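**Student:** Give me a 3D structure for the following:
(2 chains)
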Protein chains: 2
Amino acid sequence: MPAGRSTDVDCTVTGTARTPFGSTDEAPRQGAEGDTEGVIELDPAYAAGLDGFDPSADVLVVWYADRADRDVLRLDRNPDRGVFTSRSPARPTPVCLTRCSVVAVEPERLRVRGVDMVDGTPVLDLKPPLDPTG
Amino acid sequence: MPAGRSTDVDCTVTGTARTPFGSTDEAPRQGAEGDTEGVIELDPAYAAGLDGFDPSADVLVVWYADRADRDVLRLDRNPDRGVFTSRSPARPTPVCLTRCSVVAVEPERLRVRGVDMVDGTPVLDLKPPLDPTG
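**Tutor:** The predicted structure follows:
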């Protein structure tokens, strides 16, 4: 742990990603590279957050890479570059973002395409992408 | 607190946003609406994460809305819609994303344009935007 990691905040896990990827080695490096289907299962306590969800929209899945090495500050593949120049999950706060297309909105779950996270990954949040066309 | 909020994960605060906005009422609803300048001050322990940062690139600032009401599941302005259809900071996990343009990369800080968060907001992470042109 680097010196100074004294301030943490807590994030609520609102759901779980179900994907075909059993390990980080199997998962693609970015969801946009594939069209693998997965399911975001909402904790029933937060399922009302899906009300009115537009099934034709894309969704930004905010997930927590709970297996990531959080002590990494420079990229393994290029130590001249810091982690803030990369989207690698290995970073002090391993909050990751994957833009997925929506296959179906179902009670307490969202079927999506374009997942890149490991099966069982904690999901913190779902948001509309900032740029609906980009 | 909704029943079932039992699982939290911790996120490291790697920096602080300095902006002209003293309260949420003063801050714009999305950074893209304005070109207000601000500074992301990195905790010295994490400043190496900025090494090699491209000053011509945009940056996605991942911040934590520490003043947000986390018990909200439906939108105040439209109770038929859940929070996952919105980017409002009021949500169970108040992790927010603002795409900013970079004004200058300085030691332990990033001067940016397009901030929409309140002065003093905890910053969790910085990432390249997924779509560099979007």
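**Student:** Longest strand in chain A, please.
**Tutor:** If you go by DSSP state E, chain A has its longest strand at strand A:95-106.
**Student:** Please spell out which residues along that one are buried.
**Tutor:** A:95-100, A:102, A:105 (16 or more other CB atoms under 10 Å in any protein chain shown). Every C-beta, even on glycine, is put in place using the N, C-alpha and C of the backbone.
**Student:** where does chain A have low pLDDT?
**Tutor:** Across chain A, residues meeting the criterion (pLDDT under 70) sit at A:1-6, A:30-33, A:131-134.
**Student:** if we can go back for a sec, parallel or antiparallel, which strands does the longest strand of chain A pair with?
**Tutor:** If you go by DSSP bridges, strand A:95-106 pairs up with strand A:58-64 (antiparallel), strand A:109-113 (antiparallel).
**Student:** most packed of those strands?
**Tutor:** Looking across the strands paired with strand A:95-106 with neighbours counted as mean count of other CB atoms under 10 Å in any protein chain shown, the highest average goes to strand A:58-64: a mean of 23.
**Student:** Beyond that strand, next helix or strand please.
**Tutor:** Remark: after strand A:58-64, the chain's next helix or strand is strand A:74-75, criterion DSSP states H and E.
**Student:** quick one: the helix or strand that that following strand is followed by near chain B?
**Tutor:** Where DSSP H and E defines the elements, the next helix or strand beyond strand A:74-75 is strand A:78-82. Yes - legend: contact between strand A:78-82 and chain B by CB under 8 Å from any CB of the partner chain is shown at A:78, A:80-82.
**Student:** which helices and strands does strand A:78-82 pack with?
**Tutor:** strand A:74-75 (3 or more CB pairs under 8 Å, 6 or more residues apart in numbering or on different chains; DSSP states H and E).
**Student:** contacts for the strand it packs on?
**Tutor:** Residues outside strand A:74-75 that contact it (CB atoms under 8 Å, 6 or more residues apart in numbering or on different chains): A:80-83, A:85-86, A:88, B:48-49, B:51.
**Student:** Show me just the buried residues among these.
**Tutor:** A:81-83, A:85-86, A:88, B:48-49, B:51.
**Student:** mind putting those residues in CSV, distance to B:S23 included?
**Tutor:** Output for these, formatted as CSV (distance: CB to CB, whole Å):
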residue, distance to B:S23
A:R81, 37
A:G82, 32
A:V83, 32
A:T85, 33
A:S86, 34
A:S88, 35
B:A48, 33
B:G49, 29
B:D51, 34
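**Student:** which of these lies closest to B:D35?
**Tutor:** A:T85 (23.4 Å; CB to CB).
**Student:** thinking again about what came up before, I'd like the buried residues of strand A:95-106 as TSV, with distance to B:T121 appended.
**Tutor:** Converted to TSV, those look like this (distance: CB to CB, whole Å):
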residue	distance to B:T121
A:V95	15
A:C96	20
A:L97	18
A:T98	24
A:R99	24
A:C100	27
A:V102	30
A:V105	32
